[in-house]
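Asks: need a 3D model of the sequence below.
(2 chains)
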Amino acid sequence: MDYIQITPAQQRLMLREVGAADIEDLLRQVPAEARCARPLNVPPALDEMSLREHLTALAAANRCASETACFLGFGAYDHYIPALVDRLAARGEFVTAYTPYQPEASQGALQAFFEFQTMVCQLTAMDISNASLYDGATAVAEAALMALNVAGRRRLIVSAGVHPHYRRVLRTYLADLPAEYVDLPLEGGLTAPAGAAGLIDADTAAVIVQSPNYLGIIEDVPGIVAAAHARGSLVIQAFNPVSLGLLRRPGETGVDIAAGEGQPLGIPLSFGGPYLGLFACKSQFMRRMPGRLVGQTIDAAGRRAFCLTLQTREQHIRREKATSNVCTNQGLMALRAAIYMAAMGPHGLRRVAELCHAKAAYLARRLAQRGAVLPFADLPFFNELAVRPSRPVADVLRDAADRGILAGVPLEQYDDRLDNCLLVAVTEKRSRAQIDALAETLA
Amino acid sequence: MNVPDDRRYLPTHEWHLVDGDVATIGITRHAADELTDITFVDLPEVGAEVKAGEAFGEIESVKATADLNSGVSGTVVEVNSALKDDPGLVNRDPYHDAWMIKVRISSRADVDKLLTPEQYSALLSRQ
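Replies: Sure thing, here's the model as predicted:
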């Protein structure tokens, strides 16, 4: 369904129809003391040519990842986006649609979301996926709320390997709830199942772990699942969808809820957003899932159709008993991810994952050859690793930037054992020359 | 509306059929009609404790979700498994085949506080 602005003539017609002289007439009922008496401090409108000039100048003050060799990761990655994704997602019917959930008007969007859900299930090997949430951080927070609700317990054991920003968001979500956030520290870069087991008790709703964790290290998810399930606690895994081209899927390891960041699936870095929350779980938890769910049905003429389903989970019907107040999805981003996944297919996604890992492994070898310090050298990683350069991180970052390289994310502020460390991510887009240049800068 | 005279009621439309120290609980025809097509009944496990005045489960229809309340305290001794695959049974036969749980009552005093069929009918006619 397109959004098309109304013309001044149409506006006059509408005003006449409702018996108003002008827009001001409609606002007359607002009490004077509630109205802003002065004109707004907004500059006058620019014509298209001047506006374009102005925005171009503003944009020139930024440097895009696409102009650099970007080795930044930490939850958002510089993956290749096929032209197909931009082209199809830019269609007016998709770009301008606002909450396209009415089955009588939005079959195309609903079908796309249904296919998105299906592909997320295939990717994660989980039973059921929703139509998306806002981003990885809020997906993890929603998973935590769902676990508290489902288990009827109050403690959450949260691995320190979960992205620091996700943990902060989670704490915000829990702040006014009768829930207890328990920190599970990393030991040598990993979450130890024994460490988890030591903290889990009869009041533990869930253990939350991320794999690969924020330091890029692959965690022992089956071990943590065993420890949690032994005490009747759920396991929430935060995951990277591209990593599932190579790594074991959450559904294969017994994870109860999988919450991930979908940005790697055809969504640009865009200075932090909009991104995409992926959310999938076991079918027994279906009725407690947050967010929109699209189902397949038949219409009055017996044709296949799509519509929102299980809406009695949602707050507009369940009110204060709903698991969550989320009543939308990240439609345009979910569409991009669906197009990306369909275009790449399982073989394509595997290939992307293989390239990411192979190139990251190549970087690790080059760094080792040059005598660089890798704090977690013996641990398995997917495409991200911590490096401690021989020079101060600030100098390394500046020199790298001068060479057109975004070298990595400083880690010291997240863990003081990682003083003077950088987190470096390698994607399929990085060339050998770029990786060699980075290695030279780091060691 | 006529309600069965062999049982007692809560103002929230749950009926309680007491036999010895076991109470069978379900919802009334009025409640089932208000909810319209029932899609899911969420019931406790055998062995669960229920408390008078508190919810023991939830019932979902195409238009709403509502608590299922118990007027008695006690332990759940039986749960109607037919409702798992056929929630529509609640609309078809709310007073018999669609019973929900059986509770071993811990206090008879609770039963005496429930509404009589006449009191419940009067409440319905006031709505």
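Asks: per-residue confidence for residue 48?
Replies: Went with chain A since none was named. For A:Glu48, the pLDDT comes out at 97.
Asks: look at chain B instead
Replies: 94.
Asks: repeat that for A:Gln122.
Replies: 98.
Asks: for B:Arg8, phi and psi?
Replies: Main-chain dihedrals, B:Arg8, degrees, to the nearest 10: phi -110, psi 170.
Asks: can you list the domains in chain A?
Replies: As recorded under automatic domain parsing, the domains making up chain A are A:67-81+A:345-442, A:84-338.
Asks: so which of those domains is the most surrounded?
Replies: domain A:84-338 (a mean of 20; mean count of other CB atoms under 10 Å in any protein chain shown). For every residue, glycine as well, the C-beta is placed using N, CA and C.
Asks: next, the distance between the ends of that domain.
Replies: 11 Å (CA to CA, to the nearest Å).
Asks: so it, near chain B or not?
Replies: Yes. Contact of domain A:84-338 with chain B (CB under 8 Å from any CB of the partner chain) involves A:287, A:312, A:317-318, A:321.
Asks: what's the farthest-apart pair in these?
Replies: Greatest spacing in those, by CB to CB: A:Arg287 and A:Ile317 (12.3 Å).
Asks: now the residue nearest to the spatial centre of chain A. Nearest residue, chain neighbours left out?
Replies: Closest to where the C-alpha atoms of chain A average out (CA atoms, centre = their mean) is A:Glu261, at 2.6 Å. Closest residue in space to A:Glu261, ignoring its immediate chain neighbours: A:Gly136 at 2.9 Å, by CB to CB, 6 or more residues apart in numbering or on different chains.
Asks: the one you found touches A:Gly277, doesn't it?
Replies: Yes. A:Gly136 is within contact range of A:Gly277, at 6.2 Å (criterion: CB atoms under 8 Å).
Asks: select the longest helix from chain A.
Replies: helix A:331-369 (DSSP state H).
Asks: quick check: A:Val162 touching A:Asn213?
Replies: Yes. Counting by CB under 8 Å, A:Val162 does reach A:Asn213; the two are 7.1 Å apart.
Asks: before we move on, back to that, dump the domains of chain A to CSV, plus distance to A:Leu27.
Replies: Below are these laid out as CSV (distance: least, CB to CB, whole Å):
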stretch, distance to A:Leu27
domain A:67-81+A:345-442, 42
domain A:84-338, 23
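Asks: quick one: closest of those domains to B:Thr65.
Replies: domain A:84-338 (4.7 Å).
Asks: what does chain B have sitting close to chain A?
Replies: B:39-40, B:42, B:60-65.
Asks: got a pLDDT number for A:Asp2?
Replies: At A:Asp2, the predicted lDDT confidence score is 61.
Asks: cool, A:Val326 as well?
Replies: pLDDT, read off for A:Val326, is 84.
Asks: which element, helix or strand, includes it?
Replies: Taking DSSP states H and E as the definition, one finds A:Val326 inside no helix or strand.
Asks: please apply the same query to B:Leu123.
Replies: Counting by DSSP H and E, B:Leu123 is part of helix B:117-126.
Asks: which helices and strands sit right next to that helix?
Replies: Contact here means 3 or more CB pairs under 8 Å, 6 or more residues apart in numbering or on different chains; DSSP states H and E; on that basis helix B:117-126 packs against strand B:8-9.
Asks: how about residues contacting the strand it packs on?
Replies: Residues from elsewhere that reach strand B:8-9 (CB atoms under 8 Å, 6 or more residues apart in numbering or on different chains): B:3, B:15-16, B:18, B:28, B:71, B:111, B:114-117, B:119-120.
Asks: hmm, 6 Å instead?
Replies: B:15-16, B:114-115, B:120 (CB atoms under 6 Å, 6 or more residues apart in numbering or on different chains).
Asks: out of these, who has the most neighbours?
Replies: B:Trp15 (28 neighbours; other CB atoms under 10 Å in any protein chain shown).
Asks: leaving out sequence neighbours, find the closest residue to that residue.
Replies: B:Arg7 (4.8 Å).
Asks: before we move on, the earlier item: give me the mean pLDDT for the helix holding B:Leu123.
Replies: Averaging pLDDT along helix B:117-126 gives 94.
Asks: looks like A:Ile217 contacts A:Thr191 (just checking).
Replies: No. Using CB atoms under 6 Å, A:Ile217 is not in contact with A:Thr191; the gap is 9.3 Å.
Asks: check which helix or strand A:Val120 maps to.
Replies: Per DSSP H and E: helix A:107-124 holds A:Val120.
Asks: how big is the angle separating that helix from helix A:331-369?
Replies: 30 degrees (axes from the mean of the first three to the mean of the last three CA atoms, to 10 degrees).
Asks: so which elements touch helix A:107-124?
Replies: Secondary-structure packing of helix A:107-124 (3 or more CB pairs under 6 Å, 6 or more residues apart in numbering or on different chains; DSSP states H and E): strand A:128-129, strand A:277-281, strand A:294-298, strand A:304-308, helix A:331-369.
Asks: try it again at 10 Å.
Replies: helix A:92-95, strand A:128-129, strand A:234-239, strand A:257-261, strand A:277-281, strand A:294-298, strand A:304-308, helix A:331-369 (3 or more CB pairs under 10 Å, 6 or more residues apart in numbering or on different chains; DSSP states H and E).
Asks: mind listing the helices for chain B?
Replies: Secondary structure of chain B by DSSP H: the helices cover B:29-35, B:82-85, B:89-92, B:108-112, B:117-126.
Asks: ok, residues contacting the first one?
Replies: When you say that, I think you mean helix B:29-35. Residues external to helix B:29-35 that are found in contact with it (CB atoms under 10 Å, 6 or more residues apart in numbering or on different chains): B:1-4, B:9, B:12-15, B:26-28, B:38, B:59-66, B:68, B:88-95, B:98, B:120-121, B:123-124, B:127.
Asks: residue closest to the middle of chain B?
Replies: Centre-nearest of chain B using CA atoms, centre = their mean is B:Gly26, 2.6 Å out.
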